[in-house]
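> Got a predicted model here, sequence first, then my questions.
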Amino acid sequence: MLLFKEVERLQLYLEKKRKEGLTIGYAPTMGALHQGHASLIKKAKLENDICVCSIFVNPTQFNDPKDLEKYPRTEGRDIEMLVGLENDVLFYPTVEAIYPKGINIPTFDFGQADKVMEGKFRPGHFDGVVEVVHRLLDIVQPDRLYMGQKDFQQFTLIQHMLNQMGSKTALMVCPIIREKDGLALSSRNVRLTAQNRKNAPIISKTLNQLNDWMAGGLTVKAAEKKAIAQLSELPDFKPEYLEIVDGHTLQPIEKMSDTDYVVVCVAVWTGEIRLIDNVILKK
Ligand code: AMP
């Protein structure tokens, strides 16, 4: 695996490969890699000649400075995992390399899609995400960009951005990788207390019950309420939002028949750790 810290050297290398007619798949990450990240890299390797992974803990997307400070950093293990996966290129830039003075990030129109859920509860978060993904794409210029369904609102906004840019990069969304008990893998899981880790599978279990509850006669709003109540029963668990939304616009729906694409998204505080998850209810 080749490791690049400098933007220019990476660009020179990729430009050469592009001229040789090779395709580039790219998976941006913030490190503390797990099997969720590995799934993106495996897919990118299968579908492209060269797989680029980046590790960059982007300061501009952390609305909570404590979260940034405590974000797990496991450089040695990450590199071992990437070598094991036969990843071709690791881009490991500094903050200064990503944000040199004078770079300009255009603004995009997301309608209301960036105002709800994560956008509502983590003000400024998506400005940071869009800023960093735009900059990273400008550097890597991949044929295909690999992102996880785990961050549903994130990939939806990035797809909007790519559309508005008229970008040639295709977004490839990969399914959520879960522990055997259903907990979605996340870099933040290592920070859960033993008790909260034990109870955490209730999150995906609840999301998976919604279709049955609605088939049993509950309205969308009543099902959301019941799910929030179930999650609130556990000590230390505080759902921040749980919304059944249109998977295209991310706006709340009233009835399952309102749209052809329905997803439920949730954020739950488990002690000091905030977990997110989602399940597609209809597509
Ligand atoms: P992060 O390092 O958390 O910024 O995540 C980097 C990429 O990995 C994002 O596109 C995430 O959606 C994706 N990802 C994170 N967790 C999972 C998971 N459990 N399954 C699949 N993809 C994931």
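Received the coordinates, thanks. Numbering: from 1, shown residues only.

> Quick check: buried residues in the helix or strand hosting Glu224?
The secondary structure element spanning Glu224 is helix 220-232 (assigned by DSSP states H and E). Applying a neighbour-count criterion of 16 or more other CB atoms under 10 Å, the buried positions in helix 220-232 are Val220, Ala223, Glu224, Lys226, Ala227, Ile228, Gln230, Leu231. C-betas here are computed from N, CA, C, even on glycine.

> cool, and stretch 205-221?
Counting neighbours by 16+ other CB under 10 Å, one finds that the buried residues in stretch 205-221 are Thr206, Leu207, Gln209, Leu210, Asn211, Trp213, Met214, Leu218, Val220.

> Which positions in the stretch 51-200 of the chain make contact with the ligand?
With the criterion set to CB under 6 Å from any ligand atom, the stretch 51-200 of the chain comes near the ligand through Met147, Gly148, Lys150, Asp151, Cys174, Ile176, Ile177, Ala184, Leu185, Ser186, Ser187.

> how about the fifth one, what does it touch?
What it means is Cys174. By CB atoms under 8 Å, 6 or more residues apart in numbering, the contact list for Cys174 reads Ser39, Leu40, Lys43, Tyr146, Met147, Gly148, Gln149.

> and which of the buried residues of helix 220-232 is nearest Asp67?
Among those, Leu231 lies closest to Asp67 (CB to CB), at 20.8 Å.

> which stretches of the stretch 1-150 of the chain form helices?
Using DSSP state H, counting those that start in this stretch, the helices of the stretch 1-150 of the chain run over 7-19, 35-47, 65-70, 75-84, 95-98, 118-121, 125-140.

> Find the residue closest to Gln159 in space, skipping its chain neighbours.
The shortest distance from Gln159 to any residue that is not its chain neighbour, by CB to CB, 6 or more residues apart in numbering, is 5.2 Å, and that residue is Leu171.

> Please report phi then psi for the one you found.
When read as degrees, to the nearest 10, the backbone of Leu171 gives phi -90, psi 130.

> can you pull out the strands in the stretch 151-283 of the chain?
Along the stretch 151-283 of the chain, the segments classed as strands by DSSP state E, counting those that start in this stretch run 170-174, 237-246, 262-270, 273-282.

> what's in contact with the last one?
Around strand 273-282, the neighbours that count as contacts under CB under 8 Å, 6+ apart are 67, 118, 149-152, 176, 184, 186, 188-189, 191-192, 196, 200, 203-204, 207-208, 210-211, 240, 244, 247, 256, 260-268.

> Mind checking if it is in reach of the ligand?
No: under the criterion of CB under 6 Å from any ligand atom, the ligand is not reached by strand 273-282; the shortest gap measures 9.0 Å.

> can you put the strands of the stretch 151-283 of the chain in CSV and add distance to Leu3?
As requested, the strands of the stretch 151-283 of the chain are arranged in CSV below (distance: least, CB to CB, whole Å):
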stretch, distance to Leu3
strand 170-174, 24
strand 237-246, 37
strand 262-270, 34
strand 273-282, 30
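
> which residue does the stretch 51-200 of the chain bring closest to the ligand?
In the stretch 51-200 of the chain, the residue found nearest to the ligand is Gly148; the distance is 2.4 Å by CB to the nearest ligand atom.

> For that residue, grab the count of nearby residues.
The criterion is other CB atoms under 10 Å. On that basis, Gly148 has 22 neighbouring residues.

> quick one on the thing from earlier: tell me the most buried of the strands of the stretch 151-283 of the chain?
strand 262-270 (a mean of 22; mean count of other CB atoms under 10 Å).
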